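Here is the input, now give the coordinates:
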Amino acid sequence: MKKLFYCRVCRGIFALTLAAVLWFSLVARLFDQPEENYLSGDRIAPLGRAIAARHIRFWTDPELRRLELEKMRSRNAEWDFMARCFFVWSLANMGLREPAMKTEVLPVIDAIIDETIRLEKEHGIHFFLMPYGKYSEFKMQPPRSIFIDGEIGLMLGLRRLLEEKPEYKDLHRERIEVMLDRMQKGAVLCAESYPDECWLFCNSIGLAAIKVGDYLDGTDHSEFFARWLASARANLLDKETGILVSAYDLSGKNISDGPEGSTIWLVTHCLQLIDPEFAKEQYWLARKHLKADFLGFGYAYEWPGGKGHDDVDSGPILPLINLSAGSTGLAFLGAASFDDKEYLKLLYRSLEMGAFPVRAPEGIRYCASNAVGDAVLLYSITQGPAWRRIMGGGTEK
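Numbers count the residues shown, from 1 in each chain. Next up, the predicted model:
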């Protein structure tokens, strides 16, 4: 009797599991979005327009901006900074997609750039860094962070790409020279983001900002880029996966963090400007080791195979399925950069189901996100025109 009882229990569990799998597979399709909602060729996709509308309102309403930025800064000052940068990069690409939007987006871009540079000047680099940046000294003096220089440099460069502004040209060139000087002093041609911490995320954005400057001003740093790539291949590839590592000291000998999703998806996007084939190779390696899906809902691990701990970059990691909020958010950018429509479809299902979108006349927001998360998503939708123009060659006149 016992044996018969256990057999029935096992059959019941199996039947329930199978039913759940089939049910979720069908439910997943209920959260499909039309591809043209987030991919629309030369036009701005409807979802991108809706996200941007809310953020333009956010950046033009001082009280809304104050409340949101205070909320983010209470948790991580970097989020305040990154929300500004990703949003400016998005607006620049929107203006390149639809030139009629320039009159709307340029004042917002300039207001964000001017305020960001003012805050940096008044409060120093630590205003946008996490507190531990003050606990020790930068190896290179005077203290600077390529996290700050790279992202501001790319804001200035993409603004100039949309429409030249002489005072921004000077500021952009200054950032480029500072980054080049400090990166070339590093043993692996990388500069510090924090004291004796080099982050590939930040250095790759620095490379992109330099490349944009080459396109705009007719300079040529191809020899530096070639040396940087050779150094990265020799020193910064994880031996097990072949993916670029994410954090290391100034000597390049001590790797503090191996490959991580919240870094590599963005790095592959930036490296498209420097070496498209290497960038593509890195993207597909990252996809192999970090892409995940559960019953038709796509997401990304922070660490290869889903192993590892959560941290400030990964965001919370959901147990059992090991979903990383940080890696999943940036996976949208990686997949969009390499036209990976299959992965994008799975990611957008998850966004629609798990991010709790709130649609209103003034735009769309995601309850499970914040300003930086929404800005990263917006950039993934709008990116493309700037990189295509620069990769097409020539000099902007």
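
Strands along this structure, start to end?
198-199, 247-248, 255-257, 291-294, 297-300, 317-318, 323-324, 357-360, 363-366 (DSSP state E).

Just put those in CSV and tack on mean neighbour count and distance to W265.
Heads up, the C-betas are built off the backbone N, CA and C, glycines and all. Formatted as CSV, those follow (neighbours: other C-beta atoms under 10 Å; distance: least, C-beta to C-beta, whole Å):
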stretch, mean neighbour count, distance to W265
strand 198-199, 26, 14
strand 247-248, 22, 15
strand 255-257, 15, 15
strand 291-294, 18, 10
strand 297-300, 26, 8
strand 317-318, 18, 16
strand 323-324, 26, 11
strand 357-360, 12, 22
strand 363-366, 19, 18
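
Dump these into CSV; add distance to E70 and mean pLDDT as well.
Listed next are the strands of the chain as CSV, based on distance: least, C-beta to C-beta, whole Å; pLDDT from 0 to 100:
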stretch, distance to E70, mean pLDDT
strand 198-199, 26, 98
strand 247-248, 28, 98
strand 255-257, 29, 96
strand 291-294, 34, 94
strand 297-300, 29, 95
strand 317-318, 26, 78
strand 323-324, 26, 90
strand 357-360, 21, 87
strand 363-366, 17, 88
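
and of the ones you listed, who's closest to I112?
Minimum separation from I112 across the strands of the chain (C-beta to C-beta) falls at strand 363-366, 17.3 Å.

follow-up on the earlier one: using CSV, please lay out the strands of the chain together with distance to G150.
Shown next, in CSV, are the strands of the chain (distance: least, C-beta to C-beta, whole Å):
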stretch, distance to G150
strand 198-199, 10
strand 247-248, 15
strand 255-257, 18
strand 291-294, 27
strand 297-300, 23
strand 317-318, 27
strand 323-324, 23
strand 357-360, 31
strand 363-366, 26
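
so which of those comes closest to Y135?
Smallest distance to Y135 across those (C-beta to C-beta): 15.1 Å, for strand 255-257.

Find out how far the closest one is from the centre of the chain, if you would.
20 Å (C-alpha atoms, centre = their mean, to the nearest Å).

I'd like to know which elements that strand is packed against.
If contacts are counted by 3 or more C-beta pairs under 8 Å, 6 or more residues apart in numbering; DSSP states H and E, strand 255-257 sits against strand 247-248.

Show me what the strand it packs on is in contact with.
Here strand 247-248 makes contact (C-beta atoms under 8 Å, 6 or more residues apart in numbering) with V188, C190, E197, C198, W199, L200, L236, N254, I255, S256, D257, T263.

List the pairing partners of it within its sheet, with orientation.
strand 198-199 (antiparallel), strand 255-257 (antiparallel) (DSSP bridges).

Mind pulling the model confidence for the nearest residue to K134 once chain neighbours are set aside?
Leaving aside its chain neighbours, K134 sits nearest to H126 (5.8 Å; criterion: C-beta to C-beta, 6 or more residues apart in numbering). In this model, H126 is scored at 95, pLDDT.

Count residues in the vicinity of H126, would you?
15 (other C-beta atoms under 10 Å).

Then A52?
By other C-beta under 10 Å, 26 other residues sit near A52.

Show me where the stretch 251-397 of the chain has its helices.
261-271, 276-290, 325-337, 341-354, 371-382, 385-391 (DSSP state H, counting those that start in this stretch).

Between the ones you listed, which one is closest to A53.
Closest to A53 of these, according to C-beta to C-beta: helix 371-382, at 10.4 Å.

Which neighbouring elements make contact with that closest one?
Other elements packing on helix 371-382 under the criterion 3+ C-beta pairs under 8 Å, 6+ apart are helix 46-60, helix 62-73, helix 77-97, helix 325-337, strand 363-366.

what angle do that helix and helix 341-354 make?
Computed with axes from the mean of the first three to the mean of the last three C-alpha atoms, to 10 degrees, the direction of helix 371-382 lies at 140 degrees from that of helix 341-354.

What angle do helix 261-271 and helix 371-382 make with each other?
Using the same axes, to 10 degrees: helix 371-382 against helix 261-271 is 40 degrees.

what's the angle from helix 371-382 to helix 325-337?
On the basis of the same axes, to 10 degrees, helix 371-382 is oriented at 20 degrees to helix 325-337.

Show residues contacting helix 371-382.
For helix 371-382, the external contacting residues (C-beta under 8 Å, 6+ apart) are 38-39, 44-45, 47-48, 51-52, 54-55, 58, 68-69, 72, 79-80, 82-83, 85-87, 89-90, 93-94, 97, 325, 329-330, 332-333, 335-337, 351, 365-366, 369.

next one: that helix to chain centre, how far?
Centroid displacement of helix 371-382 relative to its chain, using C-alpha atoms, centre = their mean, is 8 Å.

Then stretch 111-121?
21 Å.

got the buried residues for that stretch?
Buried residues in stretch 111-121, counted by 16 or more other C-beta atoms under 10 Å: I112, I113, T116, E120.

Now do that stretch, average pLDDT.
For stretch 111-121, mean pLDDT is 95.

CA atoms only: put it into CSV for me.
Extracted C-alpha coordinates of stretch 111-121, given in CSV (Å, rounded to 0.1, in the frame of the first residue of the first chain):
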residue,chain,number,x,y,z
ALA,A,111,21.2,71.4,-19.0
ILE,A,112,22.3,68.0,-17.8
ILE,A,113,25.9,68.3,-19.0
ASP,A,114,26.3,71.8,-17.5
GLU,A,115,24.8,70.8,-14.1
THR,A,116,26.9,67.6,-14.0
ILE,A,117,30.2,69.5,-14.7
ARG,A,118,29.2,72.2,-12.2
LEU,A,119,28.6,69.7,-9.5
GLU,A,120,31.9,68.0,-10.2
LYS,A,121,33.7,71.3,-10.1
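
So what touches that stretch?
Contacts for stretch 111-121 (C-beta under 8 Å, 6+ apart): 59-60, 81, 84-85, 87-88, 127-128, 148, 152, 155-156, 159, 168, 171.
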